[in-house]
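**Q** All I have is the shape, not the residue letters:
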């Protein structure tokens, strides 16, 4: 943890005393209880595919690998930290769903989407989803000591390295067909570009491989994680703008100048974490200026000075999407605090606290639980966006709380 040495112990203690109770209250009384109560699909098994803002279940909604894996990660982490059996029961439910219905027993890996009754709907191997399976299995191993969880994570790592690693240009292609043969269907969703490589997928491979290294100190995994850090820092980060690029062709030529403020600040702390877990001093020093530049640029260009919330997207000319979705705010809390830990610069601490204040004031749903999908420029909740869905999961905001608990209590 050599990068986190700029905050005096007495300051950290005071922050923990003042801020941590609010964070834990939000986590334990609002976020986690929502998923315990509303997520399980008692009729068809696993979890509902979609729940609307007013908490009505969408009948027959497809069930996504991302949602199931993120629930497993979240509740495995919650059990590891708090040892509450209710958290373990939900983690076990997600484990059963992933290993029983999402698992492709013929070709290996995990289906991208099931139908509402739990049958394969989209069988392609989206690397983003496989990364979250590794992330979740690694966390389940940390929480329970499960040997099978580690075996599944390692098997999936080896599948990815065999089939989607690019030995020529570095990094990983976005997707493969069910049998791991090449496919032209690369996009994550209707709003994502159909390109060979994306920042988003590599970011989540980075966090997955980092978590796997915590439970499996393998030499090849160390090499691949080191390479991923290099891809993020050298190929995806643009030192001219201080932002990550978003979509690339096979040879890393950028395809757009789109800026995602949430991914920039999320990437800044995940890069730092990956280098710390590897434990290589030279790599930490290489990553540090990139992480800090990302945080500085996000603070300067992505934060709304009126309320401290983080805008969704922009381009080199400035913000283009003035909405404020739930997940960038959660990542801003951790990302800006990570920059504060590295520098002691109180601007970053204020930014972290402002992002948290924005989230609990504007996004936390005090009537129905959890957080709204987002708010528009006028500060009102975005209508018709799910409270639970393929992309609306407990991972970002719960993880922000877990991270801040660990950092403030260190």
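**A** Yep, that arrived. What you see is a predicted model, and the numbers here were worked out from it, not measured in a lab.
**Q** C-alpha from now on. contacts and neighbour counts both.
**A** Will do.
**Q** ranges for the helices of the protein?
**A** Per DSSP state H, the chain carries helices over the ranges 9-26, 32-38, 65-82, 85-97, 127-144, 147-163, 199-215, 219-230, 261-278, 281-301, 326-343, 346-358, 395-409.
**Q** mind listing what's buried in the fourth one?
**A** Translated: helix 85-97. Neighbour-count burial for helix 85-97 flags 87, 88, 90, 91, 92, 93, 94, 95, 96, 97 (criterion: 16 or more other C-alpha atoms under 10 Å).
**Q** just the fifth one next, same as before
**A** When burial is assessed from 16+ other C-alpha under 10 Å, helix 127-144 yields the following buried residues: 127-143.
**Q** Can you get me a residue count around residue 345?
**A** 15 (other C-alpha atoms under 10 Å).
**Q** before we move on, what about the one 3 residues further on?
**A** Neighbourhood size, residue 348 [other C-alpha under 10 Å]: 24.
**Q** just the one 4 residues further on next, same as before
**A** For residue 352, the count of nearby residues is 27 (other C-alpha under 10 Å).
**Q** wait, what's in contact with the residue nearest to it when sequence neighbours are not counted?
**A** Spatial nearest neighbour of residue 352, excluding adjacent residues (C-alpha to C-alpha, 6 or more residues apart in numbering): residue 333 at 4.2 Å. Residues in contact with residue 333 (C-alpha atoms under 8 Å, 6 or more residues apart in numbering) are 351, 352, 353, 355, 356, 400.
**Q** same question, residue 85
**A** Here residue 85 is in contact with residue 79 (C-alpha under 8 Å, 6+ apart).
**Q** now do residue 356
**A** 329, 330, 333.
**Q** Burial check on the residue lying closest to the second one once chain neighbours are set aside, number of neighbours?
**A** Pointing back at residue 330 there. If the residues on either side of it in the chain are set aside, residue 330 comes closest to residue 397, at 5.1 Å by C-alpha to C-alpha, 6+ apart. By the criterion of other C-alpha under 10 Å, residue 397 has 25 neighbours.
**Q** cool, residue 384 as well?
**A** 10.
**Q** Would you mind giving both backbone torsions of it?
**A** Here is the backbone geometry of residue 384 (degrees, to the nearest 10): phi 70, psi 20.
**Q** try the one 5 residues further on
**A** In terms of degrees, to the nearest 10, the main-chain angles of residue 389 are phi -170, psi -170.
**Q** Show the contacting residues for it.
**A** 48, 49, 50, 51, 64, 67.
**Q** List the contacts of residue 51.
**A** 57, 58, 386, 387, 388, 389.
**Q** roughly how far apart are it and residue 377?
**A** 24 Å (C-alpha to C-alpha, to the nearest Å).
**Q** what do you get for residue 70?
**A** Note on residue 70: its distance to residue 377, by C-alpha to C-alpha, is 28 Å.
**Q** Likewise for residue 174?
**A** For residue 174 relative to residue 377 (C-alpha to C-alpha), the value is 32 Å.
**Q** Looking at these two, which has the bigger crowd around it?
**A** residue 174 (26 against 14).
**Q** Return the backbone torsion pair for the more buried one.
**A** Torsion angles, degrees, to the nearest 10, at residue 174: phi -70, psi -40.
**Q** wait, doesn't it sit right on residue 201?
**A** Yes. Using C-alpha atoms under 8 Å, residue 174 makes contact with residue 201 at a distance of 6.9 Å.
**Q** shared neighbours of those two, anything?
**A** When C-alpha under 8 Å, 6+ apart defines a contact, the residues bordering residue 174 and residue 201 alike are 127, 128.
**Q** ok, now which ones touch the closest residue to residue 254 other than its chain neighbours?
**A** The shortest distance from residue 254 to any non-neighbouring residue, by C-alpha to C-alpha, 6+ apart, is to residue 248 (4.5 Å). By C-alpha under 8 Å, 6+ apart, the contact list for residue 248 reads 195, 196, 197, 198, 254, 255, 256.
**Q** cool, residue 171 as well?
**A** By C-alpha under 8 Å, 6+ apart, the neighbours of residue 171 are 165, 197, 202, 227, 228, 231.
**Q** that older thread, could you work out the most separated pair of the contacts of residue 389?
**A** Spanning the widest gap among these are 51 and 64, at 13.1 Å by C-alpha to C-alpha.
**Q** Contacts only, for the nearest residue to residue 277 once chain neighbours are set aside.
**A** Nearest residue to residue 277, sequence neighbours excluded (C-alpha to C-alpha, 6+ apart): residue 210, at 6.7 Å. Counting by C-alpha under 8 Å, 6+ apart, residue 210 touches 225, 273, 274, 277, 278.
**Q** where does this structure dip in pLDDT?
**A** The chain contains residues with pLDDT under 70 at 1-3.
**Q** mind redoing it with 80?
**A** Low-confidence segments of the chain, defined by pLDDT under 80: 1-5, 189-192, 410.
**Q** what separates residue 277 from residue 208, distance-wise?
**A** Per C-alpha to C-alpha, residue 277 is found 12 Å from residue 208.
**Q** Comparing those two, which residue is more hemmed in?
**A** Set side by side, residue 277 and residue 208 show more neighbours around residue 208, with 26 against 16, by other C-alpha under 10 Å.
**Q** Could you verify my assumption that that one touches residue 131?
**A** Yes. Between residue 208 and residue 131 there is a contact at 5.7 Å, judged by C-alpha under 8 Å.
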